[in-house]
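> Fold the following.
(chains A and B)
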Number of protein chains: 2
Amino acid sequence: MSETLAVPDGWKSVASPPSLFKRYEFASYAHTREFLDRLGLLSEETRLYPDLGFGKTYVNVTLRGNGSNLPSHPEIEYAGRANTMAVAGVP
Amino acid sequence: MSETLAVPDGWKSVASPPSLFKRYEFASYAHTREFLDRLGLLSEETRLYPDLGFGKTYVNVTLRGNGSNLPSHPEIEYAGRANTMAVAGVP
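Just a heads-up that it's a prediction; the model follows:
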């Protein structure tokens, strides 16, 4: 039986390829850039590099599991910390 | 007769939606981030905000025309300057 992990708020589990996805929307380009900068630092710390798509006021984040594995604890933690960063606002 | 504009090296003209597209690949995440930072400054200067997709070592750039217009001089200029930024390397 596979383990079931709770995904952080707003994240969706995608079947193919196995991944977690969330779209973030922001009020301005400054907010979008700030969030991207924070994600960049988080990636360097965790060595997890999601696929990111963004425009002026949105960021789409796709977190794949390692190799062909399902997303697991590291990706779940990244997702949770991304949520915290998204609400932190522009300094 | 519509005007024909030469697109900068490596850029492709996409018919639907009317846009210019290029994929850049980099040797490392540091190069990728540096390029993204430069594109961010270019967007703030030109007020052109392409759709960007990126991962650890690539950046996909999609430049749409204004509204339903074809990409024109502003987008062509952005594309050319992006090429220059991509080869500038990490400081």
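> From the opening residue of stretch A:11-29 to its closing one, how far?
In stretch A:11-29, first residue to last residue: 22 Å (CA to CA, to the nearest Å).
> near chain B, anything from it?
Yes: judged by CB under 8 Å from any CB of the partner chain, stretch A:11-29 comes into contact with chain B at residue A:29. C-beta coordinates here come from the backbone N, C-alpha and C atoms, glycine included.
> what mean pLDDT would you report for that stretch?
Stretch A:11-29 shows a mean pLDDT of 94.
> and what of stretch A:62-72?
According to the model, stretch A:62-72 has a mean pLDDT of 85.
> wait, does it make contact with chain B?
No: Stretch A:62-72 is not in contact with chain B by CB under 8 Å from any CB; minimum separation 9.1 Å.
> tell me which element the nearest residue to residue A:6 once chain neighbours are set aside falls in.
What sits nearest to residue A:6 in space, not counting adjacent residues and going by CB to CB, 6 or more residues apart in numbering or on different chains, is residue A:76, at 7.8 Å. Residue A:76 is part of helix A:73-87 when elements are defined by DSSP states H and E.
> Using CSV, write down the CA coordinates of that helix.
The C-alpha coordinates for helix A:73-87 follow below in CSV (Å, rounded to 0.1, in the frame of the first residue of the first chain):
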residue,chain,number,x,y,z
HIS,A,73,8.5,14.5,1.6
PRO,A,74,11.1,16.9,0.0
GLU,A,75,8.6,18.2,-2.6
ILE,A,76,5.9,18.5,0.0
GLU,A,77,8.1,20.6,2.2
TYR,A,78,9.1,22.8,-0.8
ALA,A,79,5.4,23.3,-1.6
GLY,A,80,4.6,24.3,2.0
ARG,A,81,7.5,26.7,2.2
ALA,A,82,6.5,28.2,-1.2
ASN,A,83,3.1,28.9,0.2
THR,A,84,4.6,30.8,3.1
MET,A,85,6.8,32.8,0.8
ALA,A,86,3.9,33.7,-1.5
VAL,A,87,2.0,35.4,1.4
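> can you pull out the helices in chain A?
A:29-46, A:73-87 (DSSP state H).
> do you know how far residue A:7 is from residue A:20?
In this view, residue A:7 and residue A:20 are 6 Å apart by CB to CB, to the nearest Å.
> of those two, who's got more company?
When residue A:7 and residue A:20 are compared for neighbours, residue A:20 comes out ahead with 24 against 18, by other CB atoms under 10 Å in any protein chain shown.
> Next, the contact list for the more buried one, please.
A:7, A:11, A:12, A:13, A:14, A:62, A:63, A:71, A:75, A:76, A:79 (CB atoms under 8 Å, 6 or more residues apart in numbering or on different chains).
> Go through these and name the one nearest residue B:88.
Taking CB to CB as the measure, residue B:88 sits nearest to residue A:62 out of those, at 28.4 Å.
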